[in-house]
Structures are given as C-alpha cells and as structure tokens.
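>>> coordinates only, sequence not included:
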C-alpha cells in the first residue's frame, strides 16, 4: 500500500531550509514535499495553492504562519487531510483595539527595516527572538536562518505580513478536526508559547498531548531536529 504524501508548510519568509534538518528522516518514512507560498498575500490564497497541487488525500504539517495556512486547508477541504501537524503557531485573529495596534506597529518596524536597510538587516534583528537564548551564539544556525530570509524580497515580506494581519480566527476549525493531530512548541518560543499550544490542544476534540521541544525556540526544526523528528514519527506511525 502506497504511503500518503506529507506536505510541509513553511512559516513567514521561510522555505525548505526550515524543514531541511528533519526532511531526510521523514522522507525515508513517506513521500515529503515542502510547499512555497509564492507571491500570495492571504492565508486563504496560500491554502488554495496547496490544494491545487496536492494529492487527493495527504498528511499536512505547518510551522508558524504555515500552521495557520494548514488550518485554512482543513477549513476548505477537511476530507483531504489525513493527519494534521501544528508547530510553533497560533489560531486567533488579530486582536481588536490597542493590542491589535501594537501588533501592527511591531510588524511595521520590521517592514521599515527591510525597506530601508534590506531584508538581511531585518532578519538579523528578528532572529534574536526566533531561537532559544542558548543558540544565539551558534553562528552557523543564525546564518542559515538569516540567509533563508534574505533569499526573499521585501515585497514578499510585505505580502506575507498582510496575510498574517488579516488572518481569520481558526478556533472553529480546531473544534471540528477529526484526524490525528500533532501539536508542538519550542520550550523557549517567544512568538508562540507552549501555553498557547495547550490552548490549541484543548480546542481539539481529541485533546492531544502538547509536545514541548526542550531547549528549542521558534525554529525548533532547525534547533532540535532529532526531537522534532521523533515526535513526527510517533504521530505518523
């Protein structure tokens, strides 16, 4: 019996590099594909792009913004998704009022750096909060992340920020998920905390255990690939 394809969805300004450290082990288990968001400027458009090229049924895992895209895929075509993985992600729409304005302002600061100083300078600022504190001196890891961002343009960054700021609420999607779901967070993730992932797990009908990756921040697949791979293989078994 042919194993289903596992579609891996990268986060904001990320590509196959973010999944690179775990992809070989996963590919030995089943066919794997990392998607690109291209020039899409909404999560819905990104989800439609995945469905246009995906097999009739598939397993799906998304990291960060990619987790939100994965939830939109499930919203559009739940019957096609056999398993769902949500890593370092969220489910709420942008908050109203002052909290929402604060998010807009923080994202605008990064957009301004990208516009005025270039994407590399923006990435060097952003990466400070993307890995566990203990990895900030890991020059090779930091350069891999910065260079991954640098390969994308300021225009792509602007489009993906627009997609995130206009993100839909996804608690209704989570409440109706009926497939085995992996929920995973980095211990030191400053963007999407383990507590936030517990909220996600609590909304899922099956109430899965949250896999917290010890010693990892937001870029858990690149920081702790062995632990992430082990969780994936348990989920896919």
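That came through fine. Since the structure is predicted, the reported quantities are computational estimates derived from the model, not experimental observations.
>>> just so I have it, where are all the helices in the chain?
16-19, 23-29, 43-53, 65-76, 97-117, 119-126, 139-150, 154-165, 171-174, 194-203, 220-223, 225-236 (DSSP state H).
>>> which of the ones you listed is buried the deepest?
helix 220-223 (a mean of 28; mean count of other Cβ atoms under 10 Å). (C-beta placed from N, C-alpha, C; glycine too.)
>>> run the chain-centre distance for it.
12 Å (Cα atoms, centre = their mean, to the nearest Å).
>>> with stretch 84-97 instead?
10 Å.
>>> and what of stretch 127-134?
On Cα atoms, centre = their mean, the centre of stretch 127-134 falls 16 Å from that of its chain.
>>> quick one: contacts for the residue nearest the centre of the chain?
Residue closest to the mean C-alpha point of the chain, counted by Cα atoms, centre = their mean, is residue 63 at 1.8 Å. By Cβ atoms under 8 Å, 6 or more residues apart in numbering, residue 63 lies in contact with 8, 9, 10, 11, 14, 18, 19, 87, 88, 89, 221.
>>> tell me the one among those nearest to residue 133.
residue 88 (16.3 Å; Cβ to Cβ).
>>> looking at the helices of the chain, which is nearest to residue 133?
helix 220-223 (11.3 Å).
>>> contacts for the closest one?
With Cβ under 8 Å, 6+ apart, helix 220-223 has contacts from 17-22, 63, 87-88, 131-132, 135, 141, 144-145, 184-186, 189, 213, 215-217, 227-228.
>>> low-confidence ranges, this protein, go.
For the chain, no stretch is flagged by pLDDT under 70.
>>> how near is residue 181 to residue 49?
According to Cβ to Cβ, to the nearest Å, residue 181 and residue 49 sit 22 Å apart.
>>> now residue 184
24 Å.
>>> repeat for residue 161
18 Å.
>>> and if you look at residue 192?
23 Å.
>>> for residue 41, same thing?
For residue 41 relative to residue 49 (Cβ to Cβ), the value is 12 Å.
>>> go on, residue 91?
From residue 91 to residue 49 the distance is 21 Å (Cβ to Cβ).
>>> show me the contacts for residue 81.
Residue 81 neighbours (Cβ under 8 Å, 6+ apart): 57, 58, 59, 60, 73, 74, 179.
>>> next one: residue 125
Residue 125 touches 110, 113, counting by Cβ under 8 Å, 6+ apart.
>>> make residue 1 into 28 and carry on from there
With 28 as the first residue, the last one maps to residue 152.
>>> show me how the chain divides into domains.
33-121+195-263, 124-189 (automatic domain parsing).
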